[in-house]
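with the sequence up front, the predicted model follows.
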Amino acid sequence: MTVPAPDSRTPEPRSPDRRSLHERIAADLRDGIMSGDLAPGSSLPSTARLKERFDASNATIQKALRLLKDEGLVVGRAGAAVTVREHRQRTVRPAAFMAPAAPGEPYRWLTEATLWGTRAHSTLVDVREVVPPADVAEVLGLPAGETAVLRHQILSVDDEPVELVRSYYPMALARGTALTEHRKIRGGTPALLAELGFPPRLSVDRVSARVPTQEQYQALALPTDLPVLRTLRVVHSDQERPIEATVMVKAGHLYEVQYAFTPE
């Protein structure tokens, strides 16, 4: 008897969702909130309807709602209507940060933050010479073991930490400049690089979603085990020379990234 070959069109069995039920329920409701299907100011379905929809107990529904409350997506208390909060997710446009600030003007990230009606500031955590991570060394064209200047910052909006920023500069470029000094640079590093004769010409981003490390979880004060957005940005000057590589880690529930493209 000849056994027929497997039909390549038949999909493989899907892996089961191994998350606990309350995490799965929170994920479905979170998606509805962040996509706008559950609008700010609207009430979530009643506990009875959620129990029926998800075939879950009252305790499980309450655990799911607690996750959303901890993330700041909904407000309410047991026995009362749970309401969707005003969306806190901010749309960032990387292209808006590339050009150097005008003389005497603050760094463009701070300027952009005012468009959200918020108060933003940066905290310079550390400036030192380090061996950069392997992916940073690769994009900067550094040999294995060669050092670079690290400038480490935490960006906050309305006193809430929202982004970790680690910028690396080749020693040949940074040595003897303000890049090596433990102080903020007026107008930001794009303005300084332009003054040094290395105007930013092109930025290339690699964006990925990752599970936060322990440091990222604590530094960003993440409410739950939500993913973070990691961007490796490489800034090139004339002759495509890489002059800066920055690793930015954003709280995933607070940001979306907007890119604009034109057909080639």
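Received it, and whenever you're ready, just let me know what you need.

buried residues, stretch 70-88. List them.
Of the residues in stretch 70-88, Glu71, Leu73, Val74, Gly76, Val82, Val84, Arg85, Arg88 count as buried by neighbour count, 16 or more other CB atoms under 10 Å. Just so you know, the C-beta spots here come from the backbone N, C-alpha and C atoms, and that holds for glycine as well.

of those residues, which belong to strands?
If you go by DSSP state E, the buried residues of stretch 70-88 have Val74, Val84 in strands.

and which of the buried residues of stretch 70-88 is nearest Val228?
Glu71 (13.5 Å; CB to CB).

find the nearest non-adjacent residue to the closest one, please.
Spatial nearest neighbour of Glu71, chain neighbours left out: Pro223 (4.9 Å); criterion: CB to CB, 6 or more residues apart in numbering.

tell me the contacts of that neighbour?
Going by CB atoms under 8 Å, 6 or more residues apart in numbering, Pro223 touches Asp70, Glu71, Gly72.

per-residue confidence at the second one?
As predicted, Glu71 sits at a pLDDT of 87.

which residue ranges of the stretch 151-264 of the chain form helices?
171-174, 189-195, 214-219 (DSSP state H, counting those that start in this stretch).

need the contact partners of the first one.
Counting by CB under 8 Å, 6+ apart, helix 171-174 makes contact with Glu129, Glu146, Thr147, Ala148, Val149, Leu179, Thr180, Leu196, Phe198, Ile243, all of which sit outside it.

got it, and stretch 205-219?
Contacts for stretch 205-219 (CB under 8 Å, 6+ apart): 94, 154, 161, 164, 220, 222, 225-233, 249, 252, 257.

helices - which of the contacts of Pro223 land there?
Asp70 (DSSP state H).

between the contacts of Pro223, which is closest to Ile61?
Asp70 (15.1 Å).

I'd assumed Asp225 was in contact with that closest one.
No - Asp70 lies out of contact with Asp225 (CB atoms under 8 Å); the separation is 10.9 Å.

quick check: bridge partners of the nearest residue to Thr118 once chain neighbours are set aside?
Distance criterion CB to CB, 6+ apart; nearest residue to Thr118, sequence neighbours excluded, is Val157 at 4.8 Å. Counting by DSSP bridges, Val157 forms beta bridges with Ala120, Glu160.

how many residues are close by Arg233?
Residue crowding around Arg233 was assessed by other CB atoms under 10 Å; the count is 20.

brain fart, Val207
Using other CB under 10 Å, Val207 has 14 other residues around it.

so Leu254 makes contact with Gln89?
Yes - in this structure Leu254 lies within contact range of Gln89 using CB under 8 Å: 6.0 Å.

more neighbours, these two?
For Leu254 and Gln89, the more surrounded residue by other CB under 10 Å is Leu254, and the numbers stand at 22 against 13.

need the pLDDT of that one.
81.

same question, Arg108
59.

what's the answer for the one 5 residues further on, then?
Confidence per residue is given as pLDDT, and for Ala113 that number is 64.

likewise Glu105?
60.

now do the helices in the stretch 1-150 of the chain.
In the stretch 1-150 of the chain, the helices defined using DSSP H, counting those that start in this stretch lie at 21-35, 47-54, 58-70, 108-114, 134-140.

got those helices as TSV, with distance to Tyr168 columns?
Below are the helices of the stretch 1-150 of the chain laid out as TSV (distance: least, CB to CB, whole Å):
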stretch	distance to Tyr168
helix 21-35	32
helix 47-54	46
helix 58-70	34
helix 108-114	18
helix 134-140	5
